[in-house]
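Engineer: Below: sequence and its predicted model.
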Amino acid sequence: MPQLEAIPAIDFQTATYKDAYSRINAIVIEGEQEAHDNYLTLAEMLADKKEELVGLAKMEIRHMKGFQACGKNLKVTPDMVFAKEFFSELRGNFQKASAEGKVVTCLLIQSLIIECFAIAAYNIYIPVADDFARKITEGVVKEEYSHLNFGEVWLNAHFEESKAELEAANRQNLPIIWRLLNAVADDARILGMEKDALIEDFMIAYGEALGNIGFNNRDIMRMSAQGLAG
Amino acid sequence: MGSKLKIKTFKFSLLPSSFFLLPSSFFLLPLFDNLMFGLIGHLTSLEHAQSVAKELGYPEYADQGLDFWCSAPPQIVDTITVTSITGQKIEGRYVESCFLPEMLATRRIKAATRKILNAMAHAQKNGINITALGGFSSIIFETFNLQQIKQIRNLKLDFERFTTGNTHTAYILCRQVEQAAPKLGIELSKATVAVCGATGDIGSAVCRWLNVKTNVAELLLIARDKERLQDLQTELGRGKIMGLEEALPQADIVVWVASMPKGVEINPSTLKQPCLLIDGGYPKNLATQVQHPEIYVLNGGIVEHSLDIEWKIMKIVNMDVPGRQLFACFAESMLLEFEKLYTNFSWGRNQITVEKMEQIGEISVKHGFRPLMSF
């Protein structure tokens, strides 16, 4: 989403910026690593889509390397301990679902929620990024749409039998996203990213995805706001 | 100014309609590739938004404060079918932008501008050919120069698909002046007409029309920006620049088209008798409800269609006859769809000519719309 007012010049070299960046950058790196692992898990669960999913997993590793380069470029050491803890609940839910063979839940977590979160965050970040990171992120966000598309297409083809599980998985996992956003809202603001813009872009991307899968408007409004009240 | 108002009422038409009967599949809105018009709208206040969300059965939205609405995405919440008196039938969508005037009042400008651009992107993504920017949408678009932002995520906005609807609104306001004044015994050739918000897109167009197409005796120009007022006065070659307090007691007719998050209080005892107040603001410019036998308030910029329109949203924005009454700016996108004029008919600021008003006016009459005349 483009910025709509003159952006105050951001000094990417301040200690405050670098401190916030160490956590945001780590989240992005960890998110891409976990996305890679999740797509490999999905490749085992969906044998007929294995090749495609392995391809998506490889892309995620490339993204991860790109974001590692962004941190190096700013001479920031990503706080990976923070990032692993940040994603632990979502990762735990994915692993539990995969152990139970719940493909629909796994796709909702990775291909919808995490991809939409990434797309929203990258779109909001691009206008306020440093030049190096902007180029990397612009390239990444285009590919993330194709990952989202994989989940949409598969779930659309299996919509009726997946609907109840999608609703339950949404109820369980979307509130985690709001908690994660709150946890990094202050750091994101230092990077020039507003929380309400992040939420709005996420809800747009997620709402569109739910619509493409087959949910109607009323379902979309209910599901995409799940757990946001508070 | 605690005067309670009871508006002198005489309804010229009250039409039964079946707008409450919505099919159960109402919210199943498939995407059509065929031709459609769109309306981007918003509600008048946070309180209004909460009550509408409750009424529509969205508890997730109903109990939320302004922060939530600042994060809420645009939604298509209504599907609309309009039949022209020519027999032609068209279909449209209502896009709720989730913008609220409180966002401007609390300086949450980024949120306000995001709402408009995201609603436009949503309309375009849903394949709508021509969409009207209702209420504050077009004002925000102009004020914050949103035309410089074409790329919204992975979508390039095509501004040709949007219209402010202001040409039709200005035309309807002028026709309301011309048609209502004689009914109240006000002769335009002897009348002083005050335009509050005269330098805006709609206000300046109203002034141009009244100047050229009528013989009004006096024009009073009211607005905040003195330089723009002087430019308008020069363009018209007439009109007195005045403050609101000074102008009101002199006016036989007041056209209200200012962009204000909240309405102004007026003291009816300071007004002329009779006095015609045409309130074209959304939200309304008049906070006071006027209760005086010789003071008449007309909802400005509203049209009444000759046939029932199938929709729900106008009930929600408190129209007296929601099956037939609607904002003229919304009707403009319908008119452009009827005529297959896929162009941003009203765009930019202060570019509305009398010729364009005549053109949209002819189309408006052709398809069965007329200015609201019920007080």
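Structural biologist: Right, received. Where do you want to start? Numbers count the residues shown, from 1 in each chain, chains lettered A, B, ... in the order given.
Engineer: For the rest of this, base every contact and every neighbour count on C-alpha atoms.
Structural biologist: Will do.
Engineer: if I look at the closest residue to A:Phe150 other than its chain neighbours, how far off is B:Ile109?
Structural biologist: Nearest non-adjacent residue to A:Phe150, counting by Cα to Cα, 6 or more residues apart in numbering or on different chains: A:Ser111, 7.2 Å away. Applying Cα to Cα, to the nearest Å, the value for A:Ser111 to B:Ile109 is 33 Å.
Engineer: More neighbours: which of these two?
Structural biologist: Taking neighbours as other Cα atoms under 10 Å in any protein chain shown, A:Ser111 and B:Ile109 compare with A:Ser111 leading, 25 against 16.
Engineer: so that one touches A:Leu148, yeah?
Structural biologist: Yes - A:Ser111 is within contact range of A:Leu148, at 5.1 Å (criterion: Cα atoms under 8 Å).
Engineer: The residue nearest to A:Phe150 belongs to a helix?
Structural biologist: Yes - remark: A:Ser111 belongs to a helix, assigned using DSSP: H, G, I helix; E, B strand; the rest coil.
Engineer: List the contacts of it.
Structural biologist: Going by Cα atoms under 8 Å, 6 or more residues apart in numbering or on different chains, A:Ser111 touches A:147-152.
Engineer: Check A:Gly211 too.
Structural biologist: A:Gly211 neighbours (Cα under 8 Å, 6+ apart): A:217, A:220.
Engineer: mind listing what's buried in the helix or strand harbouring it?
Structural biologist: Assigned by DSSP states H and E, A:Gly211 belongs to helix A:195-213. Residues of helix A:195-213 classed as buried by neighbour count (16 or more other Cα atoms under 10 Å in any protein chain shown): A:195-211, A:213.
Engineer: Same question for stretch B:202-216.
Structural biologist: Buried, per 16+ other Cα under 10 Å, within stretch B:202-216: B:202-211, B:216.
Engineer: Stretch B:215-234 now?
Structural biologist: Those would be B:216, B:218-223, B:229-230, B:232-233, for stretch B:215-234 by 16+ other Cα under 10 Å.
Engineer: of these, closest to chain A?
Structural biologist: Taking Cα to the nearest Cα as the measure, chain A lies nearest B:Ala223 of the buried residues of stretch B:215-234, at 25.4 Å.
Engineer: Please name every helix or strand in contact with the lowest-mean-pLDDT helix or strand in chain A.
Structural biologist: Every helix and strand of chain A was ranked by mean pLDDT, DSSP states H and E. The lowest is helix A:217-224, at a mean of 91. Judged by 3 or more Cα pairs under 8 Å, 6 or more residues apart in numbering or on different chains; DSSP states H and E, the packing partners of helix A:217-224 are helix A:159-190, helix A:195-213, strand B:75-83.
Engineer: To B:Leu117, which of those lies closest?
Structural biologist: Minimum separation from B:Leu117 across the helices and strands packed on helix A:217-224 (Cα to Cα) falls at helix A:195-213, 11.8 Å.
Engineer: The closest one relative to strand B:75-83, how many degrees between them?
Structural biologist: 60 degrees (axes from the mean of the first three to the mean of the last three Cα atoms, to 10 degrees).
Engineer: angle of helix A:195-213 against helix A:159-190?
Structural biologist: 160 degrees.
Engineer: for the record, mean pLDDT for helix A:195-213?
Structural biologist: Helix A:195-213 shows a mean pLDDT of 95.
Engineer: Check stretch B:178-187 too.
Structural biologist: Mean pLDDT, computed over stretch B:178-187, is 97.
Engineer: residues in contact with the closest residue to A:Ala197 other than its chain neighbours?
Structural biologist: Spatial nearest neighbour of A:Ala197, excluding adjacent residues (Cα to Cα, 6+ apart): B:Ser71 at 6.3 Å. Counting by Cα under 8 Å, 6+ apart, B:Ser71 makes contact with A:196-200, B:111.
Engineer: mind running it again at 7 Å?
Structural biologist: A:196-197, A:199-200 (Cα atoms under 7 Å, 6 or more residues apart in numbering or on different chains).
Engineer: buried stuff in the least confident helix or strand of chain A?
Structural biologist: So helix A:217-224, judged by 16+ other Cα under 10 Å, has buried residues A:217-224.
Engineer: swap in stretch A:14-31?
Structural biologist: A:17-31.
Engineer: interface residues of chain B facing chain A?
Structural biologist: Proximity of chain B to chain A, by Cα under 7 Å from any Cα of the partner chain, involves residues B:27-28, B:60, B:64, B:70-73, B:110, B:113, B:152-153.
Engineer: Where is pLDDT lowest across these?
Structural biologist: B:Phe27 (37).
Engineer: out of everything not next to it in sequence, what's closest to residue 151?
Structural biologist: Chain wasn't specified; assuming chain A. The spatial neighbour of A:Gly151 that comes closest, neighbours along the chain excluded (Cα to Cα, 6+ apart), is A:Ser111 at 5.0 Å.
Engineer: Not quite, go with chain B.
Structural biologist: B:Gln151 sits nearest to B:Leu157 (Cα to Cα, 6+ apart), 6.2 Å away.
Engineer: Now tell me what touches stretch B:243-251 from outside.
Structural biologist: Here stretch B:243-251 makes contact (Cα under 7 Å, 6+ apart) with B:192-194, B:220, B:222, B:270-272.
Engineer: Just the ones in strands from these, please.
Structural biologist: Among these, DSSP state E puts B:192-194, B:220, B:222 in strands.
Engineer: okay if I get those as a markdown table plus pLDDT and distance to B:Ile352?
Structural biologist: What follows is the ones in strands among the contacts of stretch B:243-251, written out as a markdown table (pLDDT from 0 to 100; distance: Cα to Cα, whole Å):
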| residue | pLDDT | distance to B:Ile352 |
| --- | --- | --- |
| B:Thr192 | 98 | 23 |
| B:Val193 | 98 | 20 |
| B:Ala194 | 98 | 19 |
| B:Leu220 | 98 | 20 |
| B:Ile222 | 97 | 19 |
